[in-house]
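A.B. asks: Sequence first, then the predicted structure, then my questions.
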Amino acid sequence: MRLLVTGGAGFIGSAFIRLSLADPAITRLVNLDALTYAGNLANLPGVDADPRYRFVHENICDDMLVDSLLVEEKPDAIVHFAAESHVDRSILSASPVFQTNLRGTFSLLEAARARRVPRFVHVSTDEVYGSIPAPHEAAEDDPLRPSSPYSATKAGSDLLALSYFTTFKMPVLVTRASNNYGPYQFPEKLIPLMISNALEGKPLPVYGDGQQVRDWLYVDDHCRGIRAVLDKGREGEVYNIGGNCSLANLEVVHRILAATGAPDSLIRYVTDRPGHDRRYALTSRKLESETGWQPGTDFESGLAATVAWYRANTEWMQAVKSGEYQSYYARNYGHRTG
Ligand code: NAD
Ligand code: TYD
């Protein structure tokens, strides 16, 4: 199988590339990534040595480039990860989010339609369902009620992708995963940010009362779920991918403090995120029954592996926290903490 992966220099895309290159059935893997602040070739150590791998440093919004890449590489499938992926950044500045998540997805869909790519997996998120009151778990046919510019653009791109199945019979599949964690995650998201700050003895900024609930999914389990959808999913269908691990944010922070040995006194309650979704929860029954996929990593061992990775990769962390990260941190947290 010849694969075109978009956003493969990011957190989940790079994990998917590592998983895919371990499989001899993948005969070609092209990684199309614009290397935004979140894209980092250090997330893919050693892959250049693999003759099946090619990196293309371009933007998915470039229609001509995307089209000519499909003509040249003739992929059997596109797995589309590329996105502006962070809620807080989408609140600070929604324009890049709109551009990549909607315009970029449109560009890929148009080119894939014109060049008759046999499979298109659009990677999305449980955030499109919006805040879910307990004890409900969102299923694939639940209404979409996105709250942030990030989740609204993901919901829009899901609908656009599915419309290409309905209207053009394009072989589109959509995955919606819960919150991922694991190695190589950029320290703007809850778990890597808290691990990094805890290891450095810096304050841990908890939004609001910290009782918001997320379902945590280890990144490799997510990637196996995407592969199961790629191989066995039905065209035109949506598949939820969850970790079966609902935890309040404050509980996650306490577990990180325990795993890093940092004191509880580092916790700071700060001004809440506007439009903050209280609870995400989803059921993955459909994916489990159709493909046999199950999340394999429990939170305790996944978190231990993640903390161990961040402890061992201080150079990676120093590099991603230099430059732009500092100004982002000041913009997002300065007014919250005073
Ligand atoms: P990330 O921010 O770590 O990486 C995004 C990647 O996309 C980066 O390498 C970046 O350079 C690239 N990119 C951004 N704009 C681009 C453009 N215009 N052209 C080409 N490349 C571009 O994101 P992630 O956390 O790995 O998320 C990957 C996908 O999974 C996203 O679609 C996201 O919505 C989805 N998702 C993420 C989570 C999560 O918890 N992180 C959960 C569910 C779904
Ligand atoms: P995040 O990792 O940004 O993922 P998402 O908003 O997409 O679910 O945040 C996870 C939860 O953690 C969310 O409820 C917001 C909260 N949070 C904090 O309390 N403090 C922080 O500094 C961050 C980044 C997140």
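C.D. replies: Good, I have the coordinates. Note that this is a predicted model, so its numbers are computed, not measured. Ligands and ions are numbered 1, 2, ... in the order given.
A.B. asks: quick one: residue 198 from residue 252, how far?
C.D. replies: Distance of residue 198 to residue 252, given as CB to CB, to the nearest Å: 12 Å. Yep, even glycine has a C-beta here, placed from its N, CA and C like the rest.
A.B. asks: residues of stretch 294-313 that come out buried?
C.D. replies: Neighbour-count burial for stretch 294-313, counted by 16 or more other CB atoms under 10 Å, picks out 295, 297, 299, 302-303, 306-307, 309-310.
A.B. asks: Show me these that map onto helices.
C.D. replies: 299, 302-303, 306-307, 309-310 (DSSP state H).
A.B. asks: Looking at these, which is nearest residue 27?
C.D. replies: Among those, residue 309 lies closest to residue 27 (CB to CB), at 29.7 Å.
A.B. asks: quick one: that closest one and residue 183 touch, right?
C.D. replies: Yes: applying CB atoms under 8 Å, one finds residue 309 in contact with residue 183, separated by 4.0 Å.
A.B. asks: Next up, phi/psi of the closest residue to residue 164 other than its chain neighbours, please.
C.D. replies: With sequence-adjacent residues excluded and distances taken as CB to CB, 6 or more residues apart in numbering, residue 164 is closest to residue 170, at 4.1 Å. Dihedral angles of residue 170 (phi, psi; degrees, to the nearest 10) stand at phi -80, psi 140.
A.B. asks: before we move on, the earlier item: near ligand 2 too, which of the ones in helices among the buried residues of stretch 294-313?
C.D. replies: Applying CB under 6 Å from any ligand atom to those, one finds that nothing falls near ligand 2.
A.B. asks: Adding pLDDT and distance to residue 98, write those residues out as TSV.
C.D. replies: Below are those laid out as TSV (pLDDT from 0 to 100; distance: CB to CB, whole Å):
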residue	pLDDT	distance to residue 98
299	98	34
302	98	33
303	98	34
306	98	31
307	98	35
309	98	33
310	98	32
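A.B. asks: between those, which is closest to residue 118?
C.D. replies: Closest approach between those and residue 118, by CB to CB: residue 302, at 33.5 Å.
A.B. asks: ok, the closest one to ligand 2 distance?
C.D. replies: Residue 302 sits 15 Å away from ligand 2, going by CB to the nearest ligand atom, to the nearest Å.
A.B. asks: sorry, back to before: ok, the residue nearest to residue 164 - contacts?
C.D. replies: For residue 170, the contact set (CB atoms under 8 Å, 6 or more residues apart in numbering) comprises 109, 112-113, 120, 164.
A.B. asks: Just the ones of those residues in helices?
C.D. replies: 109, 112-113, 164.
A.B. asks: Among these, pick out the one closest to residue 328, please.
C.D. replies: Ranked by distance to residue 328 (CB to CB), the ones in helices among the contacts of residue 170 are led by residue 109 at 30.1 Å.
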